[in-house]
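**Q** Let me see the structure of the following:
(one chain, ligands or ions: 1)
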Amino acid sequence: MANSYFDIPEPIRIKAIEAGAPKLQLSITLQAAPEKAALGYPGKSAGDVLFNGAAGTLLVSLGEAPKMITDTFRVAGGSVGRWLVQNAAPSAEISVNNVNGFGIPNALAAFCEGLLLGVFKFERHKKASNSIEPFTVSVRAQNGLDGVETVVRRATILARAVNLARDWGHEPANVINPVTLAERAVALSERYGLKCTILDEKKLEEIGAGAILSVGKGSHQTPPRIIVLEYAGKNAAADAQPVVLVGKGLTFDSGGYSMKDTANMQGMKYDKCGAMAVLAAIAAAAELGVSTPIVAIIGAAENMVSSYAYRPDDLITSLAGKTIEIISTDAEGRLVLADCLTYAQRKYSARAVIDLATLTGGVVVALGRLRAGILSNNTALSEQLAAAGERTHERLWPLPLDEEYFQLLKSDDGDMKNSATVREAHPIVGGIFLRQFVEDTVPWAHLDIAGLADTPKDSAYCPRGATGFGVRLLIDYLENL
Ligand SMILES: [Zn+2]
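**A** Modelled structure (predicted):
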């Protein structure tokens, strides 16, 4: 049983070895499936494996050649990782070749990520979780170690960050609440050399952050927090503008008085996954030495019912001074984000503001669980993020943000309603609401990750539970600025 919340098991470690290093017991080879099924090939699906004990080989299928994409290597890596752990294999090695023209750094990076991501397990609350000795996969370099070592190091940092986001995302609300999340953020900032500021409920009251305070009011024991982490950027100019990442951190969302039913309340610990991705991303960026300065702002609150809780019909005043008529206490994420966005713009001259939020069920209806929705006031930013999504296979799809949609949020008594009263365009209405709190001159993108933040079943390199979606995407975007 792990003690520290930073202590996340690493069943596999990867290291680079020289071309001439002694041969290890098991040799792993990746190959595309032949056009016709043949004896001695692992199978047609990417990740199928064929083990030959006598020869000491593990053949791994990359599926049919025409269908291969970079993510195929991640899928293969996930499959190999699980096979190695299940079979407690001895020392294994993989040679780096230019497989089907995908290039060594690209394919190897994806394979290594898959290897480390696929073996993640959330078992810290199990009494008898059998801790296994870390298993080493050696990558045999063909031309010098430097290139391979760089790829392996980056993949390791990324995978650790994703697994941190998964581990913390997976924790239930009786372990992570706004107060304990703030404590974790302080510890994270010390570990990665970041500046950390916590705005507690008194400070939020003082500055007039009425939206996040309203959401958190029902949870008297664990009041809300705005958590701010700052990374200066490696060798960044003093006047370099930061990218501000904003994360929705609803540590539990009961829906409040607009309460969710039993089936829909289960899993609402995952309503903090946008915040987990943002926390993990800034930590990884610091470790990787990204040159762009980054600010992470987490809106942490617990949406509960009690005599303190906010109600439908309430009129609340946000940090921006705009009044909001509450239609549904379950449309709380946008309230928390509204104050975070206002805070971000008042405090920083951002080159871009990007929020990640499990905001609407509507985005799952629209896009399913393969792509997150992106809504933005800036085409260039939207395209940069979408491209990062394709490269990392954390894929996005744009939804419109036409101002006319605001009609659905017109309020008779306040400046706006927090939710429409009709079942139309929910993810867009969420975005339009947030847009009311963003200056037109600030490039901003909202990622609605409700369909991607957690998954009910295991897949190639992502086990059941919190997925860590967004971490690799954000790092790719930041590295390509
Ligand atoms: Zn909600």
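
**Q** alpha carbons only for contacts and neighbour counts from here, please
**A** Fine.

**Q** Who are the contact partners of Leu452?
**A** The contact partners of Leu452, taken as CA atoms under 8 Å, 6 or more residues apart in numbering, are Arg369, Leu370, Arg371, Ala372, Thr467, Phe469.

**Q** The residue in the stretch 51-200 of the chain that the ion sits nearest to: what's it in contact with?
**A** For the stretch 51-200 of the chain, the residue closest to the ion is Ala173, as judged by CA to the ion, at 14.7 Å. With contacts defined as CA under 8 Å, 6+ apart, the neighbours of Ala173 are Thr251, Phe252, Lys269.

**Q** Also near the ion: which of the contacts of Leu452, exactly?
**A** The overlap between those and the neighbours of the ion (CA under 5 Å from the ion) is empty.

**Q** Tally up the residues packed near the closest residue to the ion within the stretch 351-481 of the chain, please.
**A** In the stretch 351-481 of the chain, no residue comes nearer to the ion than Leu359, which is 7.5 Å away by CA to the ion. Neighbourhood size, Leu359 [other CA atoms under 10 Å]: 25.

**Q** circling back to that earlier point, how about the contacts of Leu452 in JSON lines, adding secondary structure, neighbour count and pLDDT?
**A** As requested, the contacts of Leu452 are exported to JSON lines (DSSP: H, G, I helix; E, B strand; the rest coil; neighbours: other CA atoms under 10 Å; pLDDT from 0 to 100):
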{"residue": "Arg369", "secondary structure": "coil", "neighbour count": "16", "pLDDT": "97"}
{"residue": "Leu370", "secondary structure": "coil", "neighbour count": "13", "pLDDT": "97"}
{"residue": "Arg371", "secondary structure": "coil", "neighbour count": "22", "pLDDT": "98"}
{"residue": "Ala372", "secondary structure": "strand", "neighbour count": "30", "pLDDT": "98"}
{"residue": "Thr467", "secondary structure": "coil", "neighbour count": "25", "pLDDT": "98"}
{"residue": "Phe469", "secondary structure": "coil", "neighbour count": "26", "pLDDT": "98"}
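
**Q** now the residues you listed in JSON lines, with distance to Asp330?
**A** Formatted as JSON lines, the contacts of Leu452 follow (distance: CA to CA, whole Å):
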{"residue": "Arg369", "distance to Asp330": "21"}
{"residue": "Leu370", "distance to Asp330": "24"}
{"residue": "Arg371", "distance to Asp330": "23"}
{"residue": "Ala372", "distance to Asp330": "20"}
{"residue": "Thr467", "distance to Asp330": "23"}
{"residue": "Phe469", "distance to Asp330": "23"}
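
**Q** Closest one to Gln31 out of those residues, please.
**A** Taking CA to CA as the measure, Gln31 lies nearest Leu370 of these, at 26.0 Å.

**Q** one step back: among the contacts of Ala173, which ones are in strands?
**A** The strands in this structure, assigned by DSSP state E, contain Thr251, Phe252 from the contacts of Ala173.

**Q** and which of the contacts of Ala173 is nearest to the ion?
**A** When the contacts of Ala173 are compared for distance to the ion (CA to the ion), Phe252 comes out closest, at 8.9 Å.

**Q** is it true that Ala296 touches Met276?
**A** No. Ala296 is not in contact with Met276 according to CA atoms under 8 Å; the separation is 10.5 Å.

**Q** How about the residues of this protein by the ion?
**A** Gly255, Asp330, Ala331.

**Q** who touches the nearest residue to Tyr308 once chain neighbours are set aside in this structure?
**A** In space, not counting the residues next to it along the chain, Tyr308 is nearest to Gly218; the distance is 4.9 Å by CA to CA, 6 or more residues apart in numbering. Shown in contact with Gly218 (CA under 8 Å, 6+ apart): Gly256, Glu302, Asn303, Met304, Val305, Ser306, Ser307, Tyr308, Ala309, Tyr310.

**Q** Can you classify the last one as helix, strand or coil?
**A** On the three-state scheme (DSSP: H, G, I helix; E, B strand; the rest coil), Tyr310 is labelled coil.

**Q** before we move on, the earlier item: doesn't the residue of the stretch 351-481 of the chain closest to the ion lie inside a strand?
**A** No. Counting by three-state DSSP, one finds Leu359 to be coil, located in no strand.

**Q** Touching, it and Leu335? I think so.
**A** No. Counting by CA under 8 Å, Leu359 does not reach Leu335; the two are 10.6 Å apart.

**Q** Which parts of the protein belong to which domain?
**A** Here the chain is described, according to automatic domain parsing, as comprising the domains 2-142, 160-479.

**Q** right, so these: which one is the most enclosed?
**A** Neighbour counts (mean count of other CA atoms under 10 Å) averaged over each of the domains of the chain peak at domain 160-479, with a mean of 21.

**Q** Okay then, goodbye and thanks.
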